[in-house]
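Student: no sequence for this one, just the structure:
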């Protein structure tokens, strides 16, 4: 509807201009103008207006909004690769454990993968800020379908899960937090889709 309105405005202005030219220069005079072909196939005259610059002072609310958005975007870009790796390893461990009934053997498998994770990511993850850690927990939930509390409890036992939940609580976080792509975490989801597109991650 807006496009049609613009077409009609340009068309009417062109007709007015053509009428004035005919009145001043004669009915048989010719004036070449640019033309625009609409999606419907109509051809109408086209002209260009000079650019207009609009300046405004950014309000405090908008400044805070963009500050928060930039912080969140940075956190997602930093932590999403870790969440993808964690999701992949957890999936592999679950496949390995599926046919291993012996509890001792299961612990050895978990311990070997835990060493691998520590070797590759311990330094990087411990350098994350508390805020980035919260975002990482959200993303792990997104990638695995389980919150961090459930993951720790499954692989390390209820005592460990309870301990780390208490630590998280001290820092104002919660290992049991869920990922809500259409609700509270819709901004994270937008940035994740941006990261996936930019770096070729598969969703």
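Tutor: Arrived safely. Keep in mind that what you see is a predicted model, and the values were worked out from it rather than measured.
Student: After the longest helix anywhere in the chain, which helix or strand is next?
Tutor: Longest helix of the chain, by residue count under DSSP state H: helix 60-98. Proceeding N to C from helix 60-98, the next assigned helix or strand is helix 103-126, under DSSP states H and E.
Student: helices or strands up against the longest helix of the chain?
Tutor: Applying 3 or more C-beta pairs under 8 Å, 6 or more residues apart in numbering; DSSP states H and E, we find helix 60-98 packed against helix 103-126, helix 130-144, helix 186-199. All C-beta atoms are positioned from the backbone trio N, CA, C, and that covers glycine.
Student: What strand or helix carries residue 45?
Tutor: Here residue 45 is assigned to strand 43-46, by DSSP H and E.
Student: Quick one: distance of that strand to the chain centre.
Tutor: 40 Å (C-alpha atoms, centre = their mean, to the nearest Å).
Student: Chain neighbours aside, what residue packs nearest to residue 75?
Tutor: residue 135 (4.2 Å; C-beta to C-beta, 6 or more residues apart in numbering).
Student: In this structure the one you found contacts residue 72, no?
Tutor: Yes - the criterion here is C-beta atoms under 8 Å, and residue 135 meets it with residue 72 at 7.1 Å.
Student: Neighbour count: the two, which is higher?
Tutor: Applying other C-beta atoms under 10 Å to residue 135 and residue 72 shows that residue 135 carries more neighbours, namely 23 against 17.
Student: Would you mind listing the residues in contact with the more buried one?
Tutor: 72, 75-76, 79, 188 (C-beta atoms under 8 Å, 6 or more residues apart in numbering).
Student: Kindly provide the distance from it to residue 99.
Tutor: Here the criterion is C-beta to C-beta, to the nearest Å. By it, residue 135 lies 35 Å from residue 99.
Student: helices or strands next to the helix or strand where residue 36 lies in the packing?
Tutor: Taking DSSP H and E as the definition, residue 36 sits inside strand 34-37. Applying 3+ C-beta pairs under 8 Å, 6+ apart, we find strand 34-37 packed against strand 43-46.
Student: buried residues in the strand it packs on?
Tutor: Residues of strand 43-46 classed as buried: 44-45 (neighbour count, 16 or more other C-beta atoms under 10 Å).
Student: Over to stretch 102-110?
Tutor: In stretch 102-110, counting by 16+ other C-beta under 10 Å, buried: residue 110.
Student: same deal with stretch 119-129?
Tutor: Those buried within stretch 119-129 under the rule 16+ other C-beta under 10 Å are 125, 128.
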